[in-house]
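>>> I need the structure of the sequence given here:
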Amino acid sequence: MKLVIIFGPQAVGKMTVGQELEKITDLRLFHNHMTIDLVSPFFSYGTPEGKHLVGLFREEMFQAVAKSDLPGLIFTYVWAFDLEQDVAYIRDLTNMFAARGAEVYYVELEAEVSERLERNKSENRLQHKPTKRDLAWSEQDLLDSMKYYRLNSKPGEITHEPYLRINNTNISPEQTARLIQEYFSL
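Coordinates of the predicted model:
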């Protein structure tokens, strides 16, 4: 079993890279909006009810996959490094899979803000993430999050191995996925 956690700020390309990585490996993609958008017709992710339900769905999926004979999972996540609960979440997820003998790989994506603002409007993103279709809100949320959270790690902050950091500002999702596949021998 393999778990690839792809993290980085909004619209950096986590889901799209995950889709491409899924195509060239035997891993399945579970992008973070699969649960957010499941719950959003009932409760905003920002509400206690929304966060609770998203957390429950993710936990059940992770537990089922970790116990299964699937070859592995790709999970995408916006990790706020200055929030202890996010650090604990990734640590607990890593430990859950590692305790069952899984190899856990960390992939951090970073890109220039101007590129992320363009990606925020991409057809693929809007097709797979209904809550991002209000572009004025989504763009403002992307910009505001940079004021309140640190969404990329500091040098040396990630001590988990294996770990790969990629600036994908000028690299296609296909190229980025290929770099990940080759680096980790997936």
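>>> kindly provide the distance from Arg133 to Ser44.
14 Å (CB to CB, to the nearest Å). Where you see a C-beta, it was placed from the backbone N, CA and C, and this is true even at glycine.
>>> check the gap between Leu38 and Leu53 for me.
From Leu38 over to Leu53 (counting by CB to CB), the distance is 8 Å.
>>> next helix or strand past the longest strand seen in the chain?
Using DSSP state E, we find that the single longest strand of the chain is strand 103-110. Sequence order places helix 113-119 as the next helix or strand after strand 103-110, per DSSP states H and E.
>>> which outside residues touch that following helix?
9-13, 16, 111, 125, 139, 142-143, 146, 169-170 (CB atoms under 8 Å, 6 or more residues apart in numbering).
>>> restricted to buried residues, select the residues you listed in ChimeraX.
The buried residues among those can be selected in ChimeraX (16 or more other CB atoms under 10 Å) with this line:
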select :9,10,11,12,13,16,111,125,139,142,169
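>>> lowest-confidence one in the contacts of helix 113-119?
Least confident entry in those, by pLDDT: Arg125, with 68.
>>> re earlier: who has more neighbours, Leu38 and Leu53?
Using other CB atoms under 10 Å as the criterion, Leu38 and Leu53 rank with Leu53 on top: 19 against 12.
>>> so the residue nearest to the spatial centre of the chain: helix, strand or coil?
When CA atoms, centre = their mean is applied to the chain, the residue found nearest the centroid is Thr76 (1.7 Å). What DSSP: H, G, I helix; E, B strand; the rest coil gives for Thr76 is strand.
>>> nearest spatial neighbour of it, skipping sequence neighbours?
What sits nearest to Thr76 in space, not counting adjacent residues and going by CB to CB, 6 or more residues apart in numbering, is Lys14, at 3.8 Å.
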